[in-house]
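A.B. asks: the sequence and its predicted three-dimensional model are supplied below.
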Amino acid sequence: MAHSLSAKKRHRQSQKARATNRARKAAIRTNTRQFDEALKNKSTAEAQSLLKSAQERLDKAAARGTIHKNKAARRKSRMQKALNKLNAAPKA
């Protein structure tokens, strides 16, 4: 356990940051799962709106340092690619 005042403060700050980061990551995972479900159900319109919100969340998390900017870019790219694949599939 920390003894100095500055170490105690740093511990409090890190706990707060950890809670915030965990919440942001959980929101990203939830949004991604919803997007994947929409893709599975072939719901293009819903997937498009979920992709937009997922991209916003990823960008914000990357800007705030929760995740790396390249990780955010990679995830956005993969999601967009999956949606493009769904849109290009012949309608049966």
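C.D. replies: Noted; the coordinates are in hand.
A.B. asks: OK, contacts around the residue nearest the centre of the chain?
C.D. replies: Residue closest to the average C-alpha location in the chain (CA atoms, centre = their mean): residue 28, at 2.9 Å. By CB atoms under 8 Å, 6 or more residues apart in numbering, the residues touching residue 28 are 54, 57, 58, 61, 67. For every residue, glycine as well, the C-beta is placed using N, CA and C.
A.B. asks: let's go with 10 Å and repeat that
C.D. replies: Neighbouring residues of residue 28 by CB atoms under 10 Å, 6 or more residues apart in numbering: 54, 57, 58, 60, 61, 66, 67, 72, 75.
A.B. asks: what's near enough to touch the residue lying closest to the fourth one once chain neighbours are set aside?
C.D. replies: Here the nearest residue to residue 60 in space, its sequence neighbours aside, is residue 24; by CB to CB, 6 or more residues apart in numbering that works out to 7.7 Å. Contact criterion CB under 10 Å, 6+ apart gives 57, 58, 60, 61, 64, 66, 67 as the residues in contact with residue 24.
A.B. asks: out of everything not next to it in sequence, what's closest to the second one?
C.D. replies: In other words, residue 58. Here the residue nearest residue 58, using CB to CB, 6+ apart, is residue 72, at 4.1 Å.
A.B. asks: for the record, mean pLDDT for the helix or strand containing residue 87?
C.D. replies: In this structure, residue 87 is located in helix 69-88 according to DSSP states H and E. Averaging pLDDT along helix 69-88 gives 96.
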